[in-house]
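J.: Task: produce atomic coordinates for the following.
(one chain, ligands or ions: 1)
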Amino acid sequence: MKTRITELLGIEHPIVQGGMHYVGLAELAAAVSNAGGLGIVTALTQGTPEKLAAEIDRCRTMTDKPFGINMTFLPSLTPPDYPGLFEVIIDKGVGVVETAGNNPAKWLPMLKDAGIKVVHKCTSVRHALKAQQIGCDAVSVDGFECGGHPGEDDIPNFILLPRAAEELEIPFISSGGMADARSLVASLAMGAEGMNMGTRFIATKEAPVHDNVKQAIIDASELDTRLIMRGLRNTERVLNNEGVERLIEKEKNLGADLKFEDIIPEVAGIYPKVMKDGDVDAGAWSCGMVAGLIHDVPTVKELIDRIMSEAEALITQRLCGILKA
Ligand SMILES: Cc1cc2nc3c(=O)[nH]c(=O)nc-3n(C[C@H](O)[C@H](O)[C@H](O)COP(=O)(O)O)c2cc1C
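T.: Down below sits the predicted model:
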């Protein structure tokens, strides 16, 4: 397949792996890039410029294909060294940056000067238009189904993607709820020129996370995610578990009085416990509704090859067959 996204990102298949805290390490990013997609290393998991530089070097020992870096902008009491992280990205000659969480305008001039392609991930048409206006090369349009932060508008991808297609001139990637060839073909039909997957890539052999996490995703159905932190306007879709139920109980009891400090035990420092130690009930960790469509743990290459060959069959046989009928 050739789309504006495969051309822009220099990849064989229109498939991107979204940045994921404690999942988007060199092993997964390299596996996705080696399989013809775009792998993405998550900068904030590394935390410091020195560690990010080392992770980029490590990724380069595993692939000679292009890969990207995710830069997530979050409200934080002790913000990470964003200037230092961007400096490393530029010095290391990384070709693509996925920004998320906030408008990346402040950083765009230095990224563009360095010839870096910027894909901004956003959850609404108005934010996508803003990204286009400030000069982003593409956007990832993240629907309400997505694992992680779906924003506050709650528009699912069957509406959001065609709406994005109506408004945008720059190419866009579908994100949220994407798992297989059906997702890819439907995304292309709705105007996207590639698809981004998060949760699906966690349940792969190369994802550098504890097997309990992969099993929890396989065991989960589409009914097993919950939205948390809506009252704080920081809504996150997570896999339900004991910690999340505790958190939701606090949200119910405290109502409008809920403060971030009230839920620190359920949300702070959870990722290493889940992803490294396999304590999947430790607290809140992002997971998409798409868990209901995930039933196996293939290698990344098996997954991407399967998506591409089934997508071709879906288009040439099922869809063309319907046309001729
Ligand atoms: C465990 C997990 C961690 C994530 N961490 C981040 C992150 O640090 N930064 C970010 O921009 N998106 C993050 N995301 C969102 C993904 O990049 C992607 O947008 C989302 O997973 C797409 O929805 P899907 O899970 O239905 O495929 C995370 C998602 C998951 C499942």
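J.: Can you name the residues that contact the residue in the stretch 1-150 of the chain that the ligand sits nearest to?
T.: Per Cβ to the nearest ligand atom, Gly18 is where the stretch 1-150 of the chain lies closest to the ligand, at 2.4 Å. Any C-beta I mention is one placed from the backbone N, CA and C, and that applies to glycine too. By Cβ atoms under 8 Å, 6 or more residues apart in numbering, the residues touching Gly18 are Gly24, Ile40, Asn70, Glu98, Lys121, Ser140, Gly148, Ser175, Asn196, Met197, Gly198, Phe201.
J.: got the residues of the stretch 101-250 of the chain near the ligand?
T.: Residues of the stretch 101-250 of the chain found near the ligand, taking Cβ under 6 Å from any ligand atom as the criterion, are 121, 142, 145-148, 175-178, 196-200.
J.: hmm, 5 Å instead?
T.: Applying Cβ under 5 Å from any ligand atom, we find that the stretch 101-250 of the chain lies next to the ligand at Cys146, Gly147, Gly148, Ser175, Gly176, Gly177, Met197, Gly198, Thr199.
J.: Can you give me the distance of the fourth one to Cys287?
T.: The reference is to Ser175. 14 Å (Cβ to Cβ, to the nearest Å).
J.: Which one's more surrounded, the two?
T.: Ser175 (32 against 28; other Cβ atoms under 10 Å).
J.: check contacts around the residue found closest to Ala220 once you drop the neighbours it is linked to in the chain.
T.: Leaving aside its chain neighbours, Ala220 sits nearest to Ala291 (3.9 Å; criterion: Cβ to Cβ, 6 or more residues apart in numbering). Residues in contact with Ala291 (Cβ under 8 Å, 6+ apart) are Thr199, Ile217, Ala220, Ser221, Glu222, Asp224, Thr225, Leu239.
J.: and with 6 Å instead?
T.: If you count contacts by Cβ atoms under 6 Å, 6 or more residues apart in numbering, Ala291 has them with Thr199, Ile217, Ala220.
J.: Now pLDDT, secondary structure and neighbour count too, for those residues, in CSV please.
T.: Output for the contacts of Ala291, formatted as CSV (pLDDT from 0 to 100; DSSP: H, G, I helix; E, B strand; the rest coil; neighbours: other Cβ atoms under 10 Å):
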residue, pLDDT, secondary structure, neighbour count
Thr199, 99, helix, 30
Ile217, 98, helix, 26
Ala220, 98, coil, 21
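J.: ok, those vs Ile315, which is closest?
T.: Thr199 (24.6 Å; Cβ to Cβ).
J.: The closest one against Met289, yeah?
T.: No. Using Cβ atoms under 6 Å as the test, Thr199 is too far from Met289 to be in contact (8.6 Å).
J.: All the strands of this protein, in order from the start?
T.: 15-17, 39-42, 67-72, 96-100, 117-122, 138-142, 172-175, 195-197, 225-228, 236-239 (DSSP state E).
J.: what's the last one in contact with?
T.: Strand 236-239 has contacts (Cβ under 6 Å, 6+ apart) with 147, 149-150, 225-229, 244, 284-287.
J.: which of those are buried?
T.: Gly147, His149, Pro150, Thr225, Arg226, Ile228, Met229, Val244, Ala284, Trp285, Ser286, Cys287 (16 or more other Cβ atoms under 10 Å).
J.: List the ones among those that fall in helices.
T.: Counting by DSSP state H, the members of the buried ones among the contacts of strand 236-239 that fall within helices are Val244.
J.: The residue in the stretch 51-200 of the chain positioned nearest to the ligand: what's it in contact with?
T.: Per Cβ to the nearest ligand atom, the residue of the stretch 51-200 of the chain with the smallest distance to the ligand is Gly198, at 1.9 Å. Listed by Cβ under 6 Å, 6+ apart, the contact set of Gly198 reads Gly18, Met20, Gly147.
J.: Name the nearest of these relative to Trp107.
T.: For the contacts of Gly198, the nearest to Trp107 is Gly18 (18.8 Å; Cβ to Cβ).
J.: where does Leu324 land on pLDDT?
T.: Rather than Leu, residue 324 is Lys. pLDDT for Lys324: 77.
J.: Tell me how far it lies from Thr316.
T.: For Lys324 relative to Thr316 (Cβ to Cβ), the value is 11 Å.
J.: Between the two, point out the one with more neighbours.
T.: The neighbour comparison of Lys324 against Thr316 (other Cβ under 10 Å) goes to Thr316, with 10 against 5.
J.: separation between the more buried one and the ligand?
T.: 26 Å (Cβ to the nearest ligand atom, to the nearest Å).
J.: Distance-wise, check the nearest residue to the residue of the stretch 51-200 of the chain closest to the ligand once chain neighbours are set aside relative to Ala35.
T.: Nearest residue to Gly198 in three dimensions, chain neighbours excluded: Gly18, at 4.3 Å (Cβ to Cβ, 6+ apart). Distance of Gly18 to Ala35, computed by Cβ to Cβ: 15 Å.
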